[in-house]
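Q: pasting the structure only:
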């Protein structure tokens, strides 16, 4: 059994950042910059690429669902998740079997959901106890940092004529190295371990459970459509591959910067206020390309989506911590499950619209609707809390 470890809030935030960089930047999103090389080298078709992405989405959903009822220790869940991501990523570089690839994309999807849920619970609990909730932005900047790292590694390797297998192996080794470094610092202390059984609360015991679950699921549905199809639209406008090589690291950098800024804004607006604004900005950005065709509209949309997807993730999970308290992990896991379901439904919805006239435009409108709906539902919070929020923002006192 791990001995209790005394750690400062900055150490906790940096550990959370590194864990989410591996879990999401590598376990979830490394496939995006590597897929074009896999298509060129191994003949992976667009349909097969979709199956591999769907396997990861499905694994993410199952991992989040499992986390809603799991009572394992936080340290065990995070360590197991990171180790699984590292080994499966490494294994992707040593096989060319499509069936094996399906399994090797599903497993890190499952593990990344566990790491996101358990790191969120672990880190936010420590930061709350240390009265440093502002460092939550550092934790969630890990996702963007991981995207920058994975995209940068792929850019350098492919520019040097290395293969997709080399890229998978390099990222797997990097993930394994981070896992080894984090193994000891992630150890749960006595208070965190003692709090684990409380996470098995019923949804009836958690205020606004279904409201937050629905809004986070709507975010997953609204986010995945532009994230999937904006690159396709961009490729129709400009074909120079260098733009696509740099696009992913820039997307991740936008996520890092926006998360850190949002963490400061949340001290004034509250997490829910940030989530509402983030949903509106993402929805408006998604609606730009149908109104402003061409590269300019696509660039604005990409900036709005890239600049808010981690803001909404951070604000949503921190709002879950505020609302649910000791039962936060159950709410976080349920919200993550809804997000995963939304990102599975999104591409299916698009495939039914894409054959119609103006298919891409219809798809983007379909993405904006749930985002706007979620923002409105979040705003219609219990009246006493809404009055308090407007007082903080300098509006009506709500007497």
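A: Noted; the coordinates are in hand. Worth saying up front: this structure is predicted, and the values here are computed from it rather than measured.

Q: per-domain residue ranges of the chain.
A: Domain assignment for the chain by automatic domain parsing gives 8-200, 203-399.

Q: Could you tell me the least trusted of these?
A: Per-stretch mean pLDDT for the domains of the chain is lowest at domain 203-399 (a mean of 81).

Q: I'd like the distance from that one to the chain centre, please.
A: Relative to its chain's centre, domain 203-399 lies at 11 Å (Cα atoms, centre = their mean, to the nearest Å).

Q: do stretch 12-26 as well
A: 11 Å.

Q: From one end of that stretch to the other, what's the distance?
A: 20 Å (Cα to Cα, to the nearest Å).

Q: Might you report the residue contacts of residue 363?
A: When contacts are counted by Cβ atoms under 8 Å, 6 or more residues apart in numbering, residue 363 touches 225, 229, 349-350, 353-354. Any C-beta I mention is one placed from the backbone N, CA and C, and that applies to glycine too.

Q: hmm, I was thinking of residue 265
A: 273-274.

Q: Which SSE is immediately downstream of the strand or helix carrying it?
A: Residue 265 is part of helix 241-291 when elements are defined by DSSP states H and E. Following helix 241-291 in sequence order, the next helix or strand is helix 295-306 (DSSP H and E).

Q: ok so, going back, measure how the helix holding residue 265 sits relative to helix 295-306, angle-wise.
A: With axes from the mean of the first three to the mean of the last three Cα atoms, to 10 degrees applied, the angle from helix 241-291 to helix 295-306 works out at 90 degrees.

Q: For the closest residue to residue 175 other than its chain neighbours, grab the count of nearby residues.
A: Once flanking residues are discounted, residue 175 sits nearest to residue 86: 3.8 Å by Cβ to Cβ, 6 or more residues apart in numbering. Neighbourhood size, residue 86 [other Cβ atoms under 10 Å]: 25.

Q: now what about stretch 31-50, what contacts it?
A: The contact list for stretch 31-50, computed with Cβ under 8 Å, 6+ apart, reads 52-53, 56, 96, 98, 105, 150-151, 154-155, 158, 163-164, 167-168, 241, 244-245, 248, 347.

Q: and residue 350, what is it in contact with?
A: Counted by Cβ under 8 Å, 6+ apart, residue 350 has contacts 225, 228-229, 359, 363, 366.

Q: show me the contacts for the residue lying closest to residue 29 once chain neighbours are set aside.
A: Counting by Cβ to Cβ, 6+ apart, residue 29 lies nearest to residue 147, which is 5.3 Å off, once chain neighbours are set aside. Applying Cβ under 8 Å, 6+ apart to residue 147 gives the contacts 24-25, 29, 248-249, 251-252, 255.

Q: Any chance of a ChimeraX selection covering the buried ones in the residues you listed?
A: Command for ChimeraX that selects the buried part of the contacts of residue 147, burial taken from 16 or more other Cβ atoms under 10 Å:
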select :24,25,29,248,249,251,252,255
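
Q: Tell me which two of the contacts of residue 147 sit farthest apart.
A: The largest separation in the contacts of residue 147, counting by Cβ to Cβ, is between 24 and 249 at 14.7 Å.

Q: Next, count neighbours for residue 250.
A: Neighbour tally, residue 250, other Cβ under 10 Å: 16.

Q: can you offset everything so residue one is 837?
A: Let's use 837 as the start, then, which means that last one is residue 1086.

Q: Tally up the residues packed near the nearest residue to it once chain neighbours are set aside, please.
A: Using Cβ to Cβ, 6+ apart and skipping the chain neighbours, the partner closest in space to residue 1086 is residue 1142 (7.8 Å). Neighbour count of residue 1142, defined by other Cβ under 10 Å: 26.

Q: Out of the contacts of residue 1186, give me the one that has the most neighbours.
A: Busiest of the contacts of residue 1186 [other Cβ under 10 Å] is residue 1061, holding 28 neighbours.

Q: I'd assumed residue 1205 was in contact with that one.
A: No - applying Cβ atoms under 8 Å as the test, residue 1061 and residue 1205 come out as separate, 10.4 Å apart.

Q: coming back round to it: from the contacts of stretch 867-886, which would you call buried?
A: The buried subset of the contacts of stretch 867-886 - by 16+ other Cβ under 10 Å - is 888-889, 892, 941, 986-987, 990-991, 994, 999-1000, 1003-1004, 1080-1081, 1084, 1183.
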